[in-house]
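# coordinates only, sequence not included:
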Ligand SMILES: [Zn+2]
Ligand SMILES: [Zn+2]
C-alpha cells in the first residue's frame, strides 16, 4: 500500500481502522483500540465491538477505513497506548 496524503500530517504510511476507532479523531471519544500489524506490516485497529465480533466469528459492526499512520498513533495515545494483540 502506498503512502496516503493526510490533511493533518502530509504524506504518511497508511494504517487501517474501523470507523468507530477513526471517529475518536473527530469527537474525542474512545471505543477501544485492539491493534496488530498485518502481514505487510500495516497497523490495523478495531474498537471493542469489532474485536468482540471478530473473536466470535460474527460480522464486524463497522467498516474499515484507511487513515494515516500519525493519526493512528494519536488515537493509540488517546486510548492510553494499549499493547498490540499479536
Ligand atoms: Zn468498530
Ligand atoms: Zn494524519
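Good, I have the coordinates. All of these numbers come straight from a predicted model, not from anything done at the bench. Ligands and ions are numbered 1, 2, ... in the order given.
# Please count neighbours and contacts with C-alpha atoms only from this point.
Noted.
# Where does pLDDT dip in the chain?
Along the chain, the model assigns pLDDT under 70 to residues 1.
# please redo it, this time with the cut-off set to 80
The model of the chain has pLDDT under 80 over residues 1, 86.
# just the strands in it please.
Taking DSSP state E, the strands of the chain run over residues 4-6, 10-12, 14-18, 34-37, 43-46, 64-68.
# Could you export the ones you listed as TSV, including distance to residue 53?
Formatted as TSV, the strands of the chain follow (distance: least, CA to CA, whole Å):
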stretch	distance to residue 53
strand 4-6	28
strand 10-12	29
strand 14-18	12
strand 34-37	12
strand 43-46	10
strand 64-68	14
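# what would the ones you listed look like in JSON lines with mean neighbour count and distance to residue 27?
Output for the strands of the chain, formatted as JSON lines (neighbours: other CA atoms under 10 Å; distance: least, CA to CA, whole Å):
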{"stretch": "strand 4-6", "mean neighbour count": "16", "distance to residue 27": "18"}
{"stretch": "strand 10-12", "mean neighbour count": "14", "distance to residue 27": "21"}
{"stretch": "strand 14-18", "mean neighbour count": "23", "distance to residue 27": "15"}
{"stretch": "strand 34-37", "mean neighbour count": "18", "distance to residue 27": "19"}
{"stretch": "strand 43-46", "mean neighbour count": "24", "distance to residue 27": "17"}
{"stretch": "strand 64-68", "mean neighbour count": "18", "distance to residue 27": "16"}
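# Could you dump those into CSV with distance to ligand 1 added?
Shown next, in CSV, are the strands of the chain (distance: least, CA to the ion, whole Å):
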stretch, distance to ligand 1
strand 4-6, 21
strand 10-12, 23
strand 14-18, 5
strand 34-37, 10
strand 43-46, 5
strand 64-68, 8
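# Out of these, which is closest to residue 80?
In terms of CA to CA, the element of the strands of the chain nearest to residue 80 is strand 34-37, at 11.8 Å.
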